[in-house]
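# quick one, what's the 3D model for this:
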Amino acid sequence: MLTSLLSLSAIAASPVQADPPLTPLGKWQVNWGDTNCLAMQNYGDASAPITFGFKPSLNGDVIRMIITRKGPYQNAAHFPITLGDVKTTALGFRPPKTNREMFWINIPRADFDRLATLPAVAIKGRRLDFSLSTSGFAAATRALDTCNKNLRAHWNADEAGLARIGTMSAPLVAPARLVSSQDYPGQAIFEGRDGTTGVSLLIDEQGVLKDCVVEQASGVATLDAQTCILFQTRGKFSAAKDKDGKPVKSRLFYRFRWKTG
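Residues are numbered from 1 along each chain as shown. Next up is the predicted model:
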């Protein structure tokens, strides 16, 4: 009897074995887009993979991590998430006309670089509970840095480009007038969440906003997302011009403060 009790005690005290990290299914893909640079990889089961991607902000100060998989996620909402020892929030939503769920997570580049040195990164929050091998992270990050350097030049956001601009792009509607109390995300109000989001706005030669990129994450995913939604749906801009008066691409930077009180 005593032997049986000791055996049961030893079993109960044994640590639960964590699932091994999901491993890449192939080579990393790095996409050089007109407004962003994105690295992507599939993990896990080839028949139902988890797609993981990450892209740097234009300045390179923030990394947006993107997770997609088959799933039922419906209404956009944020939730607490941990990446290794980094705590923040993720935005979960279902892209229109798909059977997939998507998650966006913005973290400082310094935190991402530190996590990338680990063998694997544990991701835990709501229905996300798995680890990803970091194999290939370093090479993908180097490729993204090269892409991002070219992207800054493309949008005249580097030193040489700024020197070419004679008249900078400007908002035709003051950013403060883009938002009303009705635009504050309901979940953030309910939770009493405040925050400041910094964004880069990429304006083309016609004064059209081509992309909004989070450069300073607030720590509240719905606030970051809503900042870009407001600029993309309501913002109007004049195009920048070079010193000869020719319209050129440009980048504007704004900080948007959200406060419930």
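# list the buried residues in the top helix by length along the chain.
The longest helix of the chain (DSSP state H) is helix 137-154. Neighbour counts over helix 137-154 (16 or more other CB atoms under 10 Å) mark Phe137, Ala140, Thr141, Ala143, Leu144, Cys147, Asn148, Leu151, Arg152 as buried. Yep, even glycine has a C-beta here, placed from its N, CA and C like the rest.
# so which elements touch that helix?
Of the remaining helices and strands, those touching helix 137-154 by 3 or more CB pairs under 8 Å, 6 or more residues apart in numbering; DSSP states H and E are strand 29-32, strand 37-43, strand 50-56, helix 109-116, helix 159-164.
# please redo it, this time with the cut-off set to 10 Å
Here helix 137-154 touches strand 29-32, strand 37-43, strand 50-56, helix 109-116, helix 159-164, strand 195-203, going by 3 or more CB pairs under 10 Å, 6 or more residues apart in numbering; DSSP states H and E.
# and the ones you listed, which is most packed in?
Across the helices and strands packed on helix 137-154, the average number of neighbours (mean count of other CB atoms under 10 Å) peaks for strand 195-203, which reaches a mean of 22.
# any idea of the angle that strand forms with helix 137-154?
If you take axes from the mean of the first three to the mean of the last three CA atoms, to 10 degrees, strand 195-203 sits at 60 degrees to helix 137-154.
# just checking: what are the partner strands of strand 195-203?
strand 209-216 (antiparallel), strand 250-258 (antiparallel) (DSSP bridges).
# could you save these as TSV and add columns showing mean neighbour count and distance to Ile165?
Putting those into TSV (neighbours: other CB atoms under 10 Å; distance: least, CB to CB, whole Å) gives the following:
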stretch	mean neighbour count	distance to Ile165
strand 209-216	20	17
strand 250-258	19	6
